[in-house]
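Engineer: Sequence plus predicted model, see below.
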Amino acid sequence: MFLSQQAQLLAVLQSVLLGVGISVFYDVMGAWRHYTKAGPWVTALCDALFWVVLLAALFEFSLAVAPGQSRYYVLAGVVFGGIVYFGLVSELVQGLLRTLFSLISWLIGLVRRAATMVRDFLHVHVPYKKISDFVKKFAKKPSIFRRKGIK
């Protein structure tokens, strides 16, 4: 199938954007692994996930843009997009990701501390024994529902 030069140029530009997107995904996975201090097994699983996503994205892109045909300029555009991303903005994105993960961690810690404070407050100020005894009175089955019948 023949693609016009305009369509080929558009495919190259779109493949550069695909390369940038894949590179951002790579940085997000790497920052998450670094932040969580993932072990070698988790690292291997994350790498496998990255390659599966990469291959699926390239396959879908080649079907959508270059009617199912392998085009070298598409691969060159993806590689070029990755090189541009890692050369220009990768450090900035990694810094933003570190800040974002720290903020999320801080918020989770804040929610955990608040939940612990509420639990401790309720445990001290609410008479659990009296409430549980009161509830148990109503939780007993009536005598007609017992196994041995009415006594």
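Structural biologist: Perfect, thanks for sending it.

Engineer: most residues in a single helix of the protein, which one?
Structural biologist: The helix that spans the most residues within the chain, counting by DSSP state H, is helix 90-125.

Engineer: tell me the helices in this protein, going along the chain?
Structural biologist: Using DSSP H, helices in the chain cover 5-36, 40-65, 72-88, 90-125, 128-139.

Engineer: Any buried residues in the longest helix of the chain, and which?
Structural biologist: Ser90, Val93, Leu97, Phe101 (16 or more other Cβ atoms under 10 Å). Glycine gets a C-beta too; all of them are placed from N, C-alpha and C.

Engineer: show me the contacts for the first one.
Structural biologist: Okay, so that is Ser90. If you count contacts by Cβ atoms under 8 Å, 6 or more residues apart in numbering, Ser90 has them with Ser23, Asp27.

Engineer: What is the burial count for the residue lying closest to Val53 once chain neighbours are set aside?
Structural biologist: Excluding the flanking residues, the one nearest Val53 by Cβ to Cβ, 6 or more residues apart in numbering is Phe25, at 6.5 Å. Phe25: 15 surrounding residues under other Cβ atoms under 10 Å.
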